[in-house]
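> One predicted model, sequence on top.
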2 protein chains.
Amino acid sequence: MSDKTSTSAPRIDVAAVGDALLGKWRTERLESRRLAEDPRLHTIPGQTMDEHRERVLEQLGILVENGAIQRAFPSDLGGGDNHGGNIAAFQELVLADPSLQIKSGVQWGLFGAAILHLGTRPHHEKWLPDVMSLKLPGAFAMTEIGHGSDVASIGTTATYDPDTEEFVIHTPFKGAWKEFLGNAALHGQAAVVFAQLITQGVNHGVHAFFVPIRTAERELLPGVGSEDDGVKGGLNGIDNGRLHFDQVRIPRTNLLNRYGDVAADGTYSSAIESPGRRFFTMIGTLVQGRVSLDGSAVRAMQAALTIAIKYGAERRQFPGASGRETVLLDYGQHQRRLLPRLAETYAMTFADDRLLTVFDEVFSGARDTDENREDLETLAAALKPLSTWAALDTLQEAREATGGAGFMAKNRLTGLRADLDIYVTFEGDNNVLLQLVGKRLLTDYAAQFKPGDRAAIAKAAAAQLGDRVSRFGLRQVGQSIADLGQIARSVESLRTTDAQRALLTDRVETMVAEIALALREATKNVPKGDKRAKAIAGEDAFNAQQHKLIEAARAHAELLQWEAFTEGIEQVADAGSRQVLTWLRDLFGLGLIEKHAAWYLVQGRISGQRAEAVTAYIDRLIGRLRPYAVDLVDAFGLTPGLLRAEIATGIEAERQEEAHAYVEAEKAAGTWPIHEKELRAREKERAKAKQPA
Amino acid sequence: MSDKTSTSAPRIDVAAVGDALLGKWRTERLESRRLAEDPRLHTIPGQTMDEHRERVLEQLGILVENGAIQRAFPSDLGGGDNHGGNIAAFQELVLADPSLQIKSGVQWGLFGAAILHLGTRPHHEKWLPDVMSLKLPGAFAMTEIGHGSDVASIGTTATYDPDTEEFVIHTPFKGAWKEFLGNAALHGQAAVVFAQLITQGVNHGVHAFFVPIRTAERELLPGVGSEDDGVKGGLNGIDNGRLHFDQVRIPRTNLLNRYGDVAADGTYSSAIESPGRRFFTMIGTLVQGRVSLDGSAVRAMQAALTIAIKYGAERRQFPGASGRETVLLDYGQHQRRLLPRLAETYAMTFADDRLLTVFDEVFSGARDTDENREDLETLAAALKPLSTWAALDTLQEAREATGGAGFMAKNRLTGLRADLDIYVTFEGDNNVLLQLVGKRLLTDYAAQFKPGDRAAIAKAAAAQLGDRVSRFGLRQVGQSIADLGQIARSVESLRTTDAQRALLTDRVETMVAEIALALREATKNVPKGDKRAKAIAGEDAFNAQQHKLIEAARAHAELLQWEAFTEGIEQVADAGSRQVLTWLRDLFGLGLIEKHAAWYLVQGRISGQRAEAVTAYIDRLIGRLRPYAVDLVDAFGLTPGLLRAEIATGIEAERQEEAHAYVEAEKAAGTWPIHEKELRAREKERAKAKQPA
């Protein structure tokens, strides 16, 4: 409970809020946190890359010993068939060491999961036990130096040779070298290699193959080449490297053949007829990487804010009118820097739990439909970019808000930031992911109309925009005038859940409609039948809208987060806590409206007065939330063993008290020297008193 | 010359633009760049902290050998009396290794400069030659763990003992430990220690003292304690550490006595009567740190954009309608990510040259007036925050725009970002600096009125705001209606230099007036004579406005940058280059208006249509500037030896060409396998052809 709140103010039940934040996989999260407190799993700042890499390999062994990695695997092979719990536990490991986390993600979440999801029973039985025990460390060889986001265009080939019943894995040029692969530089003994499957003269597109690359003694196998990526901007406990293949032969049965197979005679078969759908189905099984990163980023944000807010609530700087120095968190600017990010972290925590739920429903088989898979992919592609970017932003703001202390490795913030940097571009570049979401929004928008009836799209969009124009021209004028002097009332209406939802939803819908219309307009004058001209015009039009489309996808993701926060509050029974969380949700929702105020103003959705009222109300909310700031980070439940930041231990308060006590004692003893300023002030007053009245 | 421009498009003279960017201290910059190309001065990624620290110490010796550090010192002691040139040369060193740069900054720009500017002739003669030769490495002991930004409140004391004619330097409590000091952990043999000067029972405020701390053999002297700060988020080539003093005695003459002195009998004297002004005068001599960081940040931005734009102009990803994969820099989103930052970098480059000019005028004595010193401090406090923040943002965007490759240490971006992180909070925390600027803006605003006539301020501000309300209520309505369908015309007017200036200036003035009014309103009802109530009300009111004041300061800095860019263009004679630079300046100016569109809309300065037109015109500008992107970064003149980023060497284009040639050769040879998609498409067409018409 905060001791700064007055008796009439609501009280927050930290434990209840904490439970809501832990979400559905509370048990797995707490188990994983206990493990993450083990000092053997912690980063040692300043270790050399070589030492760090070996240490992380050992740490993976500790995870195995502690049964921390088996959850997602089949129960008859020693796993737990617990997909949501597996990701939840994985996410918490970020606070032990992101290198350890990501290396374990490479081993079990990518290499192992590819065998599990793209392979079939014989593959599972043959390799998964050794993958789980770490007897078989492996790499996930998808990305090439020439092709990152565009996996469909990779250059590595797997050509079937019916004479020997083997696939020949080959790297035809330098751009096809597999690149940035964890476990590739040192530890990997095999790799799941993505390559163009060629048989009987036909390229059937990208498939995954199990390819041995090294002996247990770390010797490369014949035909396999590897180079070390060396030092990186972070995650230096992982041995990232390159792999290339010179006509390396593997048995036919090493094709992970769940979605496509080659018979002994070279005949290709697949249950999915369309090569495009087949490719996306295969790639779709790898969505767990994005789901994992989303919640990992959120945990890092929780840690960053716990550190910065605890320190900010103790640290004093510059003399205040109260007679003592002012506490940092009592400064308006300091509150503006940290509290909106706290609201965002809550929203993202709840959103991640929702994402995990959808993920678990699909992967457990409980609701494994094509539609749910597609929804899951869109949801992950929407949330992962925003949370990974927000993590970098929050870690940086926390670093700056704690000044020079924040720059010291022992206070964790810079190390986490360096390691998490790559989260924004791996497992899907954030901009590319948001574009995927945007395309899905456009598809869904078009699906409201008859197939191919693009004229109807244009009509509907125009109607929506026509509405806007009239709003802008006339309705807004009316509102502006009516609003004058009624700021209080207008805020009142924006404070409601429904009003926030309406504004956030409207923005997504209007943006998508505008883009759909623009795309339609751009190609309508191309002569029918001129395919190439149409393709070029379509590409140019899309390119002109790309930035807007990505912004629309971002707006969609923000709405999802806001909805998740709103639902999350429902899980808390305690009335006081609900009140405080509702303020925090309002701060998040109105913060979004403030951030996008220009759009709302241009579209005539809010008046200038209302926009100003939003800012004024945000200021009030921030002041109201200030006394709960420490409680709200305490609810994250991050123990000292997880935080491990000196400045979050109370050391600053101790120093302040010692200094204060020293000065008080000197003053009491009469040994505190008078300041020249005070002396001059006294002299002035004495001179004044001497003057005749 | 760009080969993408049509014959009618302007051509850019890269060399002429490059000269304008090098600015007034071209010679010194080029000298320093040549030195920065020396491999002995380069970062070795992955070095241990201990190795890196010793390497950087050696690098400082190389700077001395090359006569690279003497410029700012008096010519009769072997210096060059060249203050602007000294900083210009220093700024370029960031591309060798920021650790080397900042350690040299500690030695010569802080430790040496404090002796120079706070000491007097005997100090200069006694210590500066050894400081310059590095025989005497030293620390600058100002910051304490308990007091960073608030230097006036530091706890270290220097108490004069007339019996022995010595000062006693003492750390009374833990919060007074000197902290985060370069050269303190290992190499420093002396320190300039800032401490409260106490003599005859009076504290005369913070003064600087020369205190020996270690022998040449790195043994701490009696009474001096030191701890190592250990690993940091960056700059690990610098031995940052703590210092504390247990009644350490130094001769009276070790007080750096330019602005305040103590006679043998303990009598204090100073030419500056007010202790407050005296303090700010002393601190003001240290402004060169901020000036140095401003331009250093800009050079890092130049490097980041050179790397990202060169790579983006070569890298291709995803098949395009043209038949080949699309070049990254041809994507709308990629342009939106990089080109506005390029415009900002140009603005900041020109602004830094202007700052250096003012700095040189003051420090060379050419125009050393109180007013110019104050202007210099405000200018530095305005520019340094924006450029150091922009550097982090730009380095990060460049990192993300280059994907996984950007995360590799060999491509420089992550290392520079980690090292430059601390630039945003050292030599003045960015938020604290902007607050200083904001306070100066308020003072200047109040100075328009009679001293103490706060009612006049209120009246003037109210008039300005009244104008706004009427604009919003009526004038804007008129404009909105008039604007309908006249987007082209409204953009036309915003494109002019005068319109951009008017909008940017208006924002600063209006924000300041609003804050001044709010501060006045908040305290006007406090009963006269109740000093404490008035202080508290004033503090609360200021705190409520703090965020806005900082935003106003930022707006002021943006205006300064825009003005500098506009003036910078005047230095380029070539018409084509001027045209392109004007587009780039427009992108910067209109980008600011787009960023702050909500403010302009709320204030009724622009209509919704005009705001949309600004965005549309920005999109056009970006498309227009795309063909010049590589030329515009080439104009920075950063050689391969300065960039040292593999991805900026053309390696990507080589890989793309090799892959392309391979595929073409296979196709020509008939050995390129047909893709299943193509096969299916052909089958479909064949089936169609077979159907009866």
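Right, received. Where do you want to start?

> if I pick residue A:622, what's in contact with it?
Residues in contact with residue A:622 (C-beta atoms under 8 Å, 6 or more residues apart in numbering or on different chains) are A:332, A:335-336, A:339-340, A:587. No exception for glycine: its C-beta is placed from N, CA and C like everyone else's.

> Please spell out the ChimeraX selection for the buried subset of those residues.
ChimeraX command restricting the contacts of residue A:622 to the buried ones, with burial defined by 16 or more other C-beta atoms under 10 Å in any protein chain shown:
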select /A:332,335,336,339,340,587
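
> Out of the contacts of residue A:622, which sit inside helices?
Members of those lying in helices (criterion: DSSP state H): A:332, A:335-336, A:339-340, A:587.

> Now whichever residue of the stretch 101-250 of chain A sits closest to chain B: closest residue in space, sequence neighbours ignored.
Relative to chain B, the nearest point of the stretch 101-250 of chain A is residue A:233 (2.6 Å; C-beta to the nearest C-beta). The shortest distance from residue A:233 to any non-neighbouring residue, by C-beta to C-beta, 6 or more residues apart in numbering or on different chains, is to residue B:414 (2.6 Å).

> ok, then the element right after the helix or strand harbouring that neighbour?
Counting by DSSP states H and E, the element that carries residue B:414 is helix B:413-420. Reading on from helix B:413-420 to the C-terminus, the next helix or strand found by DSSP H and E is helix B:430-447.

> List the buried residues of that following helix.
By neighbour count on 16+ other C-beta under 10 Å, the buried set for helix B:430-447 is B:430-438, B:440-442, B:445-446.

> now, which of these lie close to chain A?
Filtering the buried residues of helix B:430-447 for neighbours of chain A using C-beta under 8 Å from any C-beta of the partner chain leaves B:430-431, B:435.

> Present these as JSON lines; the columns should include pLDDT.
Putting those into JSON lines (pLDDT from 0 to 100) gives the following:
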{"residue": "B:430", "pLDDT": "98"}
{"residue": "B:431", "pLDDT": "97"}
{"residue": "B:435", "pLDDT": "97"}
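
> Find me the pLDDT at residue A:455, would you?
For residue A:455, the model assigns a pLDDT of 68.

> got it, and the one 4 residues further on?
pLDDT, the model's per-residue confidence, is 68 for residue A:459.

> what do you get for residue A:526?
Here the pLDDT value assigned to residue A:526 is 83.

> ok, now how distant is residue A:68 from residue A:61?
Here residue A:68 is placed at a distance of 11 Å from residue A:61 (C-beta to C-beta, to the nearest Å).

> Looking at these two, which is more packed in?
residue A:68 (23 against 11; other C-beta atoms under 10 Å in any protein chain shown).

> can you confirm the more buried one is in a strand?
No: going by DSSP: H, G, I helix; E, B strand; the rest coil, the assignment for residue A:68 is coil, not a strand.

> what's near enough to touch the closest residue to it other than its chain neighbours?
Leaving aside its sequence neighbours, residue A:68 sits nearest to residue A:35 (C-beta to C-beta, 6+ apart; 5.7 Å). Residue A:35 makes contact with A:41, A:63, A:66, A:68, A:93, A:96, according to C-beta under 8 Å, 6+ apart.

> could you flag which of those are buried?
For the contacts of residue A:35, a neighbour count by 16+ other C-beta under 10 Å gives the buried set as A:41, A:63, A:68, A:93, A:96.

> returning to that earlier point: roughly how far apart are the residue nearest to residue A:233 and residue B:43?
Residue B:414 sits 11 Å away from residue B:43, taking C-beta to C-beta as the criterion.

> hmm, who's touching the helix or strand that contains residue A:90?
Residue A:90 belongs to helix A:83-92 when elements are defined using DSSP H and E. Applying C-beta under 8 Å, 6+ apart, the external contacts of helix A:83-92 come out as A:23-25, A:27-29, A:31-33, A:36, A:68, A:71-72, A:80, A:101, A:104-105, A:109, A:288, A:291-292, A:295-296, A:298-299, A:352, A:356-357, A:359-360, A:363-364.

> So which of these sit within helices?
Under the assignment DSSP H, the contacts of helix A:83-92 contribute A:27-29, A:31-33, A:36, A:101, A:104, A:288, A:291-292, A:295-296, A:298-299, A:352, A:356-357, A:359-360, A:363 to helices.

> I'd guessed residue A:564 sits against residue A:351; true?
Yes: look at residue A:564 against residue A:351 with C-beta atoms under 8 Å: they come within range, at 3.9 Å.

> More neighbours: which of the two?
Per other C-beta under 10 Å, whichever of residue A:564 and residue A:351 has more neighbours is residue A:351, with 28 against 20.

> before we move on, back to that, state the distance from the residue nearest to residue A:68 to residue A:187.
Residue A:35 sits 21 Å away from residue A:187, going by C-beta to C-beta.

> helices or strands up against the host helix or strand of residue A:115?
Taking DSSP H and E as the criterion, residue A:115 maps to helix A:113-118. The helices and strands touching helix A:113-118, judged by 3 or more C-beta pairs under 8 Å, 6 or more residues apart in numbering or on different chains; DSSP states H and E, are helix A:121-133, strand A:190-199, strand A:202-212.

> Report the distance from the shortest one to the chain centre.
I take that to be strand A:190-199. A distance of 29 Å separates the centroid of the chain from that of strand A:190-199, by C-alpha atoms, centre = their mean, to the nearest Å.

> do the helix or strand containing residue A:400 and chain B meet?
According to DSSP H and E, residue A:400 maps onto helix A:370-401. Yes: judged by C-beta under 8 Å from any C-beta, helix A:370-401 and chain B are in contact via A:392, A:396, A:399-400.

> so which of these is the most crowded?
For these, neighbours tallied by other C-beta under 10 Å; top is residue A:399, 28 neighbours.

> Let me know the pLDDT of it.
Model confidence at residue A:399, given as pLDDT, is 98.

> Show the contacting residues for residue A:385.
Counting by C-beta under 8 Å, 6+ apart, residue A:385 touches A:424, A:430-431, A:433-434, A:554, A:557.

> Residue A:110 now?
Contacts of residue A:110 (C-beta under 8 Å, 6+ apart): A:140, A:182, A:192, A:286, A:289.

> Kindly recompute the last result at 6 Å.
By C-beta atoms under 6 Å, 6 or more residues apart in numbering or on different chains, the residues touching residue A:110 are residue A:140.

> ditto for residue A:123
By C-beta under 6 Å, 6+ apart, the contact list for residue A:123 reads residue A:115.

> in stretch A:598-617, what's buried?
A:598-615, A:617.

> contacts with chain B among the residues you listed, please.
Filtering the buried residues of stretch A:598-617 for proximity to chain B by C-beta under 6 Å from any C-beta of the partner chain leaves A:598, A:601-602, A:608, A:611-612.

> Done for today, thanks.
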